[in-house]
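Novice: pasting the sequence and the predicted coordinates here, then a few questions.
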Amino acid sequence: MRLNDPQVWTLIGVFAAVMLGGMTLMTMQLSHVIRAETGRIDGTLSARIDGVDARLGRIESKVDDLDKELTNLAVRFWRSQ
């Protein structure tokens, strides 16, 4: 079989087009999946960071209350500020 027949070159061209088209589709699908997973991870991390921020706010208010109580005790017992 010689490679100068038009049918052979047509089959080579069709095969190359099918392979490039398949690779393009797979690349696009992989890109969409990666983008979707990145968005999901971003949403999850944002929710967790908001939760940690709320906890730190509660701890900060408790520390402020404790500071006020200790200041009141120091004033009461040692007459200091």
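Specialist: Cool, got the structure. The model shown is predicted, which means the values in this text are computed figures rather than measured ones.

Novice: can we go C-alpha only for contacts and neighbour counts from here?
Specialist: OK.

Novice: who are the packing partners of whatever helix or strand N72 lives in?
Specialist: According to DSSP states H and E, N72 maps onto helix 6-78. Helices and strands touching helix 6-78, as assessed by 3 or more CA pairs under 8 Å, 6 or more residues apart in numbering; DSSP states H and E, are absent.

Novice: what about it, distance to the chain center?
Specialist: 2 Å (CA atoms, centre = their mean, to the nearest Å).

Novice: which intervals of the protein have sub-threshold pLDDT?
Specialist: Residue ranges of the chain with pLDDT under 70: 1, 80-81.

Novice: now do the contacts for R40.
Specialist: Residues counted as contacts of R40 (CA atoms under 8 Å, 6 or more residues apart in numbering): none.

Novice: distance of it relative to D53?
Specialist: Plainly put, R40 is 20 Å away from D53 if you go by CA to CA, to the nearest Å.

Novice: over to V33?
Specialist: 30 Å.

Novice: and if you look at I59?
Specialist: I59 sits 10 Å away from D53, going by CA to CA.

Novice: cool, G21 as well?
Specialist: Going from G21 to D53 by CA to CA gives 48 Å.

Novice: ditto for H32
Specialist: Counting by CA to CA, the gap from H32 to D53 is 31 Å.

Novice: ok, now A36?
Specialist: For A36, the distance to D53 (CA to CA) stands at 26 Å.

Novice: swap in T44?
Specialist: Distance of T44 to D53, given as CA to CA: 14 Å.

Novice: now swap in V75 and tell me
Specialist: Counting by CA to CA, the gap from V75 to D53 is 33 Å.
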